[in-house]
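Student: give me the fold of what follows.
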Amino acid sequence: MTAIIDWHVFDQYLPNEVECRCGIIYQSHTKGVKEDDGLHHYRRVACPGCGAVKDNIRRISSPPELWTL
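Tutor: Here you go, the predicted structure:
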């Protein structure tokens, strides 16, 4: 099953840095989705190396905050 995600709500935020298990590091929005068989991580942009859009992620890092309160 593939989750249907409205990615437009993420447009106001900078994309995350994603490190795929294939070794490629690139920028994409990500979202954790609870499904029947557990928690899965989806990416807005497919990995340029292996083409994965679901799971297969080694690391997700968000960019630094733009403002300090």
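
Student: in the sheet, who's paired with Lys31?
Tutor: On the basis of DSSP bridges, Lys31 is bridged to Tyr42.

Student: who's in contact with it?
Tutor: Applying Cβ atoms under 8 Å, 6 or more residues apart in numbering, one finds that Lys31 lies in contact with Ile5, Phe10, His41, Tyr42. In short, each C-beta sits where N, CA and C put it, glycine included.

Student: pLDDT wise, what is it at?
Tutor: You'll see Lys31 listed with a pLDDT of 95.

Student: show the buried residues in the contacts of Lys31.
Tutor: Using 16 or more other Cβ atoms under 10 Å as the burial test, the contacts of Lys31 include Phe10, Tyr42 as buried.

Student: show me which of the contacts of Lys31 is closest to Thr30.
Tutor: Here the nearest of those to Thr30, counting by Cβ to Cβ, is His41; it sits at 5.9 Å.
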